[in-house]
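Asks: Predicted model and sequence follow; I will ask about them next.
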Amino acid sequence: MIISLIYSRRILMQAKRTNHSDIRMKDRMNLNKSAKQKKADTAFEKGISCKDAKGSLKKYFDYLYLHNPKGHAGQIRIYGREVYIFLNDGTLKTVLPLPHQYNNIIDNIMKKKREEELV
């Protein structure tokens, strides 16, 4: 029962993408159309959100939120080495490279998230 709910949720939670985000993903990650959609869905579902962040990473999330026009940074996720900014309705607005100073912090948070999923 739980597996089917999670599976159906994944189908329903398909992120929409703007033309701007498609261009940024092509330029910065060199992805084709189907890979862009898969990456956007995975980032929205499994990415690190503000609630997972602490310290300087939390300040970086706040900076990103405050420096985007109102309503244009509803959901911010970090997945891999990229920052994904989604609108309130789940549409991917843009993709930014993650500053290098946060790489170790992101690795530790992702490791903890993977361990929690296994339990």
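Replies: Sure, I can see it. Numbering: from 1, shown residues only.

Asks: biggest helix in the chain by residues?
Replies: helix 103-118 (DSSP state H).

Asks: Which elements pack onto it?
Replies: Packing partners of helix 103-118 (3 or more C-beta pairs under 8 Å, 6 or more residues apart in numbering; DSSP states H and E): helix 55-66. For glycine as for every other residue, the C-beta is placed from the backbone atoms N, C-alpha and C.

Asks: And the helix it packs on, what's buried?
Replies: Along helix 55-66, these residues count as buried under the neighbour rule (16 or more other C-beta atoms under 10 Å): 57, 60, 61, 64, 65.

Asks: Dump those residues into CSV; add pLDDT and distance to residue 48 as well.
Replies: As requested, the buried residues of helix 55-66 are exported to CSV (pLDDT from 0 to 100; distance: C-beta to C-beta, whole Å):
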residue, pLDDT, distance to residue 48
57, 93, 8
60, 93, 11
61, 91, 9
64, 89, 13
65, 87, 14
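
Asks: Looking at those residues, spot the one nearest residue 27.
Replies: For these, the residue nearest residue 27 by C-beta to C-beta is residue 64; the value is 19.1 Å.

Asks: quick one, phi psi at residue 30?
Replies: Residue 30 adopts backbone torsions of phi 50, psi 50, taken as degrees, to the nearest 10.

Asks: per-residue pLDDT, it?
Replies: In the predicted model, residue 30 carries a pLDDT score of 90.

Asks: Number the residues from 50 up from this point.
Replies: Yep, numbering from 50; the last one is residue 79 now.

Asks: and the spatially most central residue of the chain, which of the three is it?
Replies: In the chain, the residue lying closest to the centroid (C-alpha atoms, centre = their mean) is residue 126, at 3.0 Å. Local secondary structure at residue 126 is given as strand here, using DSSP: H, G, I helix; E, B strand; the rest coil.

Asks: Okay, it and residue 168: tell me how far apart.
Replies: Residue 126 is 22 Å from residue 168, where distance means C-beta to C-beta, to the nearest Å.

Asks: same check, this time on residue 113
Replies: Counting by C-beta to C-beta - residue 113 and residue 168 are separated by 30 Å.
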